[in-house]
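Asks: build me a model from this:
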Amino acid sequence: MKANRFMIYAFSAMMLGSLAACSDSNDDPDNGGNGGGGGNEDKPYVWGEDNGDGNFFSAKSVDHLLFNEAGKEDANGKVIGNGEQNLVFKGTQTLAKGTYTLKGWIYVAKGSVLTIEAGTVIKGDRATQAALIIEPGGKAIMQGTKDAPIVLTSGEPKGQRKPGDWGGLIICGNAKNNNGVLAQQIEGGPRTKHGGNDDNDNSGVYSYVRVEFAGYPFKADQEINGITFGSVGKGTKVDHLQVSYSSDDSYEWFGGSVDCKYLVAYKGWDDDFDTDNGFSGRVQYGLAVRDPKIADQSQSNGFESDNNADGSMAAPYTTATFSNITFVGPNGRDNFVNTTDYINGGDYFNPNSTARLGKFQAAMQIRRSSHLACFNSVAIGFPIGLIVDGEKGNTVEFAKAGDLKLQNIYFAGMDVIGTDANKKYEDVLADGKGNVIDANQVSYSHTFFLAQKGNKNFDSASELKLKDGRKVGANYMPDADSPVLGAAAWDVLTDSYFEHTDYIGAFGTDDNWLEGWTNFDPNNTDY
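Replies: Okay, the predicted model is just below:
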């Protein structure tokens, strides 16, 4: 390693001469990254510690983000980044409404603010694995509107866009997680560490924003999610987001306390809403719609929720609360069969990267000591409704003690109501590793679900009387005689953050919160 570092430093010294014209400053060692190998202030490159995998991180710091196609600074340029893999932005800048290309990994560093005007389109460059990363103490102000959303999408031509064409949007902050202060590496490859003690931390504004075809796999099984939240605090504004065709999870929260409303997860590869490491935020109104031809090798879920990877009793626990969520799974659509022969990506979205296709699993998989709560919601058409997974941690014990609250939820069109272990599809009583305890009894997950207040199971999705209100490609909105109308209950969920609807799921008969800003055919959109 010492020999390798000597070679790296020698190479960097050779490169500095050609870069002396850049007025750059060193990367801060304390802004949440692995960088920080100090140097003189006039040196544009900073060489830090390796990221734990033998890769030595380097970055260039700039106080401007716009360049021309040749990589030269240009205040009127339409390229964000100069094409280098890692660029650290330090300063304050507004991107006027327009169409831009994003190149490389752009870090918005501590103390910096990037404002993106409504109606802006940013195309992620596949060759440089483009990603936008907001670091702890940095902010992005992305306030779109219903009629002029901000769009982060693939840079590939119309009709040729696929999941994983570019990196994605990563937002990190200084709220709590259960790994500690700046002690958790963000998923997917970037340098950024996150976490602190300020649950009211503010990482900016993300409103009326679409993220499409993200999830570039930095390495095998190290994809960036569509939108990743790392220890983001509740001072951050998050509403009206749509993630479409992500090559990993559509949304994943690693710790943090941020509240969110009006989220759409559309035809993602892996999980729709993934919660980990002590996430304690509140989420209301979410629509998740699956493509029957797209699922991940790890088995795709609606919810996947962990306290942490090993299931330990680390505080703060994952205690996120969701309400008014609608999950639309693959069952009953396009002659679906839950096999890897059938799940092949279809005509347009077959694998274009190291991401691998697999099978669908559950509407809700709660595991590894998670305390996730969900109320007033609807899940339709998954192979499994619920897995209370006891393989690691104490989730089953929490459920039996009344600490796992899944109430006023309707399942419909599931193959089975529940199973008791990951990647097990038989609704029989089993232990957390899938070993059958009694084949003549239904699973604990099945029994638990039906025992909770207000929960019901319908054999067929048609019993819910839903329609496709806005050409989403699946039935999700209730007709006037749907049983989801008037079914909501708020006696347990008394938190004033949640608006009290009379319906369960994300929509009433005339809800129009998808109108204007969403897009359900981004592959064929002119950008």
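Asks: residue boundaries of the strands in the stretch 251-400 of the chain?
Replies: Counting by DSSP state E, counting those that start in this stretch, residue ranges of the strands within the stretch 251-400 of the chain are 251-254, 260-266, 273-276, 282-289, 303-305, 321-328, 362-366, 373-380, 384-388.
Asks: try the stretch 101-250 of the chain
Replies: Using DSSP E, counting those that start in this stretch, strands in the stretch 101-250 of the chain cover 105-108, 113-116, 121-124, 131-134, 139-143, 150-154, 168-172, 184-185, 193-194, 204-212, 227-230, 237-244.
Asks: dump these to CSV, plus distance to N440 and mean pLDDT.
Replies: C-betas here are computed from N, CA, C, even on glycine. Output for the strands of the stretch 101-250 of the chain, formatted as CSV (distance: least, C-beta to C-beta, whole Å; pLDDT from 0 to 100):
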stretch, distance to N440, mean pLDDT
strand 105-108, 54, 98
strand 113-116, 59, 98
strand 121-124, 53, 98
strand 131-134, 51, 98
strand 139-143, 55, 98
strand 150-154, 51, 99
strand 168-172, 46, 98
strand 184-185, 44, 95
strand 193-194, 48, 98
strand 204-212, 47, 99
strand 227-230, 44, 98
strand 237-244, 42, 98
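Asks: save those strands as a markdown table, and put in mean neighbour count and distance to R333 too.
Replies: Below are these laid out as a markdown table (neighbours: other C-beta atoms under 10 Å; distance: least, C-beta to C-beta, whole Å):
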| stretch | mean neighbour count | distance to R333 |
| --- | --- | --- |
| strand 105-108 | 27 | 37 |
| strand 113-116 | 20 | 36 |
| strand 121-124 | 24 | 29 |
| strand 131-134 | 28 | 32 |
| strand 139-143 | 21 | 33 |
| strand 150-154 | 25 | 25 |
| strand 168-172 | 29 | 27 |
| strand 184-185 | 22 | 37 |
| strand 193-194 | 27 | 38 |
| strand 204-212 | 24 | 21 |
| strand 227-230 | 30 | 25 |
| strand 237-244 | 24 | 17 |
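Asks: which of the ones you listed sits closest to Q93?
Replies: strand 113-116 (5.9 Å; C-beta to C-beta).
Asks: the closest one pairs with which strands, and in what direction?
Replies: Strand 113-116 has its sheet partners listed here by DSSP bridges as strand 92-95 (parallel), strand 139-143 (parallel).
Asks: distance to K234 added to these, as CSV?
Replies: Below are these laid out as CSV (distance: least, C-beta to C-beta, whole Å):
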stretch, distance to K234
strand 92-95, 24
strand 139-143, 15
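Asks: where are the low-confidence patches of the stretch 51-200 of the chain?
Replies: Along the stretch 51-200 of the chain, segments meeting pLDDT under 70 span 51-57.
Asks: let's see that with 80 instead.
Replies: Regions of the stretch 51-200 of the chain meeting the criterion pLDDT under 80 cover residues 51-58.
Asks: A131: what's it in contact with?
Replies: 102, 105-106, 124, 166-170, 188, 190, 216, 224 (C-beta atoms under 8 Å, 6 or more residues apart in numbering).
Asks: can you pull up the bridge partners for it?
Replies: Per DSSP bridges, the residues bridged to A131 are W105, G168.
Asks: hang on, the earlier thing: looking at the strands of the stretch 251-400 of the chain, which is closest to F89?
Replies: For the strands of the stretch 251-400 of the chain, the distance to F89 is smallest for strand 251-254, at 22.4 Å, taking C-beta to C-beta.
Asks: what does the closest one rub up against?
Replies: Identification of contacts with strand 251-254 by C-beta under 8 Å, 6+ apart yields 177, 184, 186-187, 194, 225-232, 241, 243, 263, 265, 271-277, 279, 281, 320.
Asks: same check on stretch 307-315?
Replies: Taking C-beta under 8 Å, 6+ apart as the rule, stretch 307-315 contacts 178-179, 276-278, 317-318, 367-371, 391-395.
Asks: list the buried residues for it?
Replies: Neighbour-count burial for stretch 307-315 flags 307-308, 311, 314 (criterion: 16 or more other C-beta atoms under 10 Å).
Asks: separation between G268 and P316?
Replies: From G268 across to P316, the span is 27 Å (C-beta to C-beta, to the nearest Å).
Asks: of those two, who's got more company?
Replies: Neighbour comparison, G268 and P316: the larger count goes to G268, with 30 against 18 (by other C-beta atoms under 10 Å).
Asks: show me what contacts the more buried one?
Replies: 163, 226, 243-246, 248-250, 288, 290, 294, 300.
Asks: could you do S443 as well?
Replies: 416-420, 427-430.
Asks: now do the contacts for the nearest residue to V378 once chain neighbours are set aside.
Replies: Closest residue to V378 apart from its sequence neighbours, by C-beta to C-beta, 6 or more residues apart in numbering: G505 at 3.8 Å. For G505, the contacting residues are 324-326, 376-378, 410, 476, 478, 484, by C-beta under 8 Å, 6+ apart.
Asks: at 7 Å instead, please
Replies: Shown in contact with G505 (C-beta atoms under 7 Å, 6 or more residues apart in numbering): 324, 326, 377-378, 484.
Asks: all helices for this structure, in order.
Replies: Assigned by DSSP state H, the chain shows helices spanning 2-19, 395-400, 444-451.
Asks: so what's E463 up against?
Replies: A412.
Asks: re the thing from before, quick check, nearest of the buried residues of stretch 307-315 to L493?
Replies: Taking C-beta to C-beta as the measure, L493 sits nearest to N307 out of these, at 21.2 Å.
Asks: below-threshold pLDDT in the stretch 301-450 of the chain: ranges please.
Replies: The stretch 301-450 of the chain contains residues with pLDDT under 80 at 350-355.
Asks: could you find the closest non-adjacent residue to I171?
Replies: Distance criterion C-beta to C-beta, 6+ apart; nearest residue to I171, sequence neighbours excluded, is I134 at 4.6 Å.
Asks: how near is the one you found to S61?
Replies: Here I134 is placed at a distance of 16 Å from S61 (C-beta to C-beta).
Asks: neighbours of Q160, how many?
Replies: Look at Q160: counted by other C-beta under 10 Å, it has 11 neighbours.
Asks: and the nearest residue to it once chain neighbours are set aside, how many residues sit next to it?
Replies: Leaving aside its chain neighbours, Q160 sits nearest to N523 (7.9 Å; criterion: C-beta to C-beta, 6+ apart). Counted with other C-beta under 10 Å, residues neighbouring N523 total 19.
Asks: residues in contact with N523?
Replies: 159, 161, 348.
Asks: at 10 Å instead, please
Replies: With C-beta atoms under 10 Å, 6 or more residues apart in numbering as the criterion, the residues that contact N523 are 153-154, 156, 158-162, 212-213, 244-245, 348-349.
Asks: also G91?
Replies: Residues near G91 by C-beta under 10 Å, 6+ apart: 25, 61-65, 108-109, 111-114.
Asks: phi first, then psi, for it.
Replies: With angles defined as degrees, to the nearest 10, G91 sits at phi 150, psi -160.
Asks: you'd agree G195 is up against F229?
Replies: No. Counting by C-beta atoms under 10 Å, G195 does not reach F229; the two are 11.8 Å apart.
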